[in-house]
Structure formats: structure tokens, C-alpha cells
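In: Predicted model and sequence follow; I will ask about them next.
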Amino acid sequence: MRQSSSRRAFIYGIPALVLAFVILWNESWSYWWLSRQWPEHEENGRCDRILIVADPQLIGYKNEKFGEISRWDSDRYLATGYSYAKWRFLPTTVMFLGDLFDEGIESNDDEWYETYERFIGIYPIDRGDNAIYIAGDNDIGGESELISESRRNQFYNYFRNNVSDLKDRYSISETYLFENPILKHITKAQVPVAKIMLTHVPYLVEGYKHSDVGQKMDLILSAHDHTTGIYEYQRSAPRAVLFTRVSDVSPTYFKNIGQNEPLIELQTPTCSYRMGVYSMGYGALSICRLNDDYRSVQVQYSVLWLPSRFAQLFLYIFSLIFSAFWIIFQKRCRTRRYSWML
């Protein structure tokens, strides 16, 4: 009897240990391990830390074959990455750069509100922290469909900005480049540390509608393409745009900003694994008034890369297949041994 119990523990215990390890690695340890690789930001002078959330595109209720499971898994991935990003980077401001919902235009009011409830559960804002929300084309339309004024009003009625700690230091505006681009002021400081424009659609990227709406800015933050990059626009001739791609081995980007410096645009990748790209992450931005009597302002930017969810799902499938084969193999070996003894 004791030998039989030990044998069962051996047969089923190994798969149980493998599955337990895979679950812990996929849902916790991989985020912790990867967060230790994230570039550090230096505290050069007085700095404001901003976490940028781009294109989370919470899965909706109309276009998903495995809706309930897909929503649960995607929401969990977004929430886990966000919690680790806040834990490691310690931001005082979170900026959401649009496409918060995947079916913002298509959903009915009940589906929209249910998605909103999921969103605020995934992305809680701590008391006292600043939060800014702008809309994207999946939220209100504009890229391949008409802009829905009712959805625009609903979006800004529910997503309210809190900028109490920023309004005296920054001039922050938003624009929507899928229509006649104008600046909508979010904060307007009398003597701003920096003039920042938020746009869902990239401003300095060829192929998108753009105007001179952002020319007087110091810094532009954008999203939309699900990829990341840094654009530097030379304000004097030949007015070239220099592009730098950001990867998982890129160091923290440092650059002074101001009217006598190039115009900088930081494009943040999607944080959702459902957007058809291999690399996902959150943007980490520090804006620092340097220790030169605060005459100079410097930005530091990096991407807090997330683990590949598809690799994690493949690991789940592999561990299940291994467990099944292990149990079948061990039982067949046991059956053959007993047959030989008889």
C-alpha cells in the first residue's frame, strides 16, 4: 500500500510541480524578473515621473470568438503589467493616450459601460496621483469611420482628468489629428516647465494628417501605431526629422527640451498582447528641472517592456502536453511491469 501511494505521488506529483512552476512563472515571476531589467531613471534635479499607457484596447463583446476567456486573460495581463510598472517606476502621473477600448464605437451603451467598469478595475489611480485621458479612433472614431460626437461626449464625461499637481508647472494640451487639429488646453501654467502636446496619432510621422499645431511645443507624446520610437524635429533648416527606434536593449533616452532645442516626440507602444505586435510595454517618462537654477529641462524616457503573453500561453500548452504524456507513460510502464511479473 505504501509503495502504491509513493508511486501515485511520483506519477502525479511531477506534473503538479511542473504546472505549479509554470503558473507562478507566467503570472508573477516573469514580470518580476523582467522588471529588474528595466532601465533606471536618474534623479537629476526636481523630477516628475509619468507613466504612459498606450492602446490598451480592452476587448469588447462583439468580435471575439472566445469572448469570456479572451477578456479575462487580456484584462489580467494588462492589470499585472500595470501594477508592476507602478511598483517599479513609482509615477505620480498616469497618462492614457487613447484607444482605451477596442469596440468603443461599435458597442451599445450597456457594453460600453461594462467595459468602462473593467477599465477602472484594471487601471486604478491612487489617491493624490494625477491622471490624464485622451481619446483614440477606437474610442470615438475618425480613422476609417466618422467621428461619433455622442461617444466623444460619453468618453470625456466618464474619463475625468485630475491635474491638481501639474496645473501650476506645465502647459498640457491635446489634439485630435483625424479632424481639424486644434489645441484643447488641459493645463495652462503661467511660466511652464514644459509645453506638452498629447495626441493619439503621431504628429511627426509621415502619412498622418498634421499641421503646425504642435510646432511651438517642447514635447509631444503619441501612440496609435502599437510600436515605439523617438522623433527629433530640427527647428532650423533643413528641418529634418531624426528617428530612433527603441528596443528592449535600448538605454534610457536623455534629451534637453525647450524652444532652443529640437522638438521631441515620444511614441509609446501598446501594452496589449492582442495588437499583432511582438513587443508590448508601458512608457516611463521623467521630466526634470536640472540643478542649474532650473534653467534647463531634461526628459528621460524608456519603455517598461512586458513578457510575451503568447510565449506564456505556449508554455502552458507545452506543460499540459508534457504532463499528459508523463502520466500515460508512467502508467504504461507500471502495467507492463505487472504483466511481466504475472
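Out: Nice, I can see it.
In: what about the helices in the stretch 101-250 of the chain?
Out: Counting by DSSP state H, counting those that start in this stretch, the stretch 101-250 of the chain has helices at residues 109-122, 137-140, 149-158.
In: Determine which stretch of those is the most buried.
Out: Most buried of the helices of the stretch 101-250 of the chain, by mean neighbour count (mean count of other Cβ atoms under 10 Å): helix 137-140, with a mean of 24. From N, CA and C alone the C-beta is placed, and that goes for glycine too.
In: Can you name every helix or strand that that helix contacts?
Out: Contacts defined by 3 or more Cβ pairs under 8 Å, 6 or more residues apart in numbering; DSSP states H and E place helix 137-140 against helix 149-158.
In: Now do the helix it packs on and helix 109-122, the angle between them.
Out: 30 degrees (axes from the mean of the first three to the mean of the last three Cα atoms, to 10 degrees).
In: before we move on, the earlier item: I'd like the helices of the stretch 101-250 of the chain as a markdown table, with mean pLDDT and distance to His226 appended.
Out: A markdown table is the format used below for the helices of the stretch 101-250 of the chain (pLDDT from 0 to 100; distance: least, Cβ to Cβ, whole Å):
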| stretch | mean pLDDT | distance to His226 |
| --- | --- | --- |
| helix 109-122 | 96 | 18 |
| helix 137-140 | 95 | 12 |
| helix 149-158 | 95 | 20 |
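In: In TSV, list those along with distance to Pro56.
Out: What follows is the helices of the stretch 101-250 of the chain, written out as TSV (distance: least, Cβ to Cβ, whole Å):
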stretch	distance to Pro56
helix 109-122	8
helix 137-140	10
helix 149-158	14
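In: and the nearest residue to Phe89 once chain neighbours are set aside, what element?
Out: Distances taken as Cβ to Cβ, 6 or more residues apart in numbering put Ala284 closest to Phe89, at 5.0 Å, once the chain neighbours are dropped. Assessed by DSSP states H and E, Ala284 sits inside strand 281-289.
In: Sheet partners, orientation included, of that strand?
Out: Pairing partners of strand 281-289, with direction, according to DSSP bridges: strand 46-53 (antiparallel), strand 297-305 (antiparallel).
In: what sits against the most centrally placed residue in the chain?
Out: Centroid check for the chain by Cα atoms, centre = their mean gives Cys271 as the closest residue, at 2.9 Å. Contacts for Cys271 (Cβ atoms under 8 Å, 6 or more residues apart in numbering) come out as Val53, Ala54, Asp55, Pro56, Leu78, Gly81, Tyr82, Met280, Gly281, Tyr282, Leu306.
In: Swap in 10 Å and give it another go.
Out: Applying Cβ atoms under 10 Å, 6 or more residues apart in numbering to Cys271 gives the contacts 52-57, 77-78, 81-82, 85, 123, 223, 226, 280-283, 303-304, 306.
In: Any of the residues you listed buried? List them.
Out: Among the contacts of Cys271, the ones that count as buried by 16 or more other Cβ atoms under 10 Å are 52-57, 77-78, 81-82, 85, 123, 223, 226, 280-283, 303-304, 306.
In: mind giving me the domain ranges of the chain?
Out: The chain breaks down by automatic domain parsing into domains covering 1-36+308-342, 37-307.
In: what's the least confident stretch among these?
Out: Averaged per stretch, pLDDT over these is lowest on domain 1-36+308-342, reaching a mean of 80.
In: ok, how many other residues are close to Pro181?
Out: Neighbours of Pro181 under the rule other Cβ atoms under 10 Å: 18.
In: correct me, but it touches Tyr203?
Out: Yes - the criterion here is Cβ atoms under 10 Å, and Pro181 meets it with Tyr203 at 8.9 Å.
In: any chance of the strands paired with strand 281-289 in a markdown table, plus distance to Leu315?
Out: As requested, the strands paired with strand 281-289 are exported to a markdown table (distance: least, Cβ to Cβ, whole Å):
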| stretch | distance to Leu315 |
| --- | --- |
| strand 46-53 | 26 |
| strand 297-305 | 18 |
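In: Quick check: which of those strands is nearest to Trp33?
Out: With Cβ to Cβ, the closest approach to Trp33 among those belongs to strand 297-305: 11.7 Å.
In: Counting residues, name the longest helix you see in the protein.
Out: helix 309-341 (DSSP state H).
In: Pull out the buried positions in it.
Out: Quick answer for helix 309-341 (16+ other Cβ under 10 Å): Arg309, Gln312, Leu315, Ser319, Ser323, Gln330.
In: which secondary structure element contains the nearest residue to the fourth one once chain neighbours are set aside?
Out: The shortest distance from Ser319 to any non-neighbouring residue, by Cβ to Cβ, 6+ apart, is to Val22 (4.5 Å). When elements are defined using DSSP H and E, Val22 is found to belong to helix 2-24.
In: And the next helix or strand past that helix?
Out: As assigned by DSSP H and E, the chain's next helix or strand after helix 2-24 is helix 30-35.
In: From the chain's centre, how far out is that following helix? Work that out for me.
Out: 15 Å (Cα atoms, centre = their mean, to the nearest Å).
In: just stretch 282-295 next, same as before
Out: Centroid displacement of stretch 282-295 relative to its chain, using Cα atoms, centre = their mean, is 22 Å.
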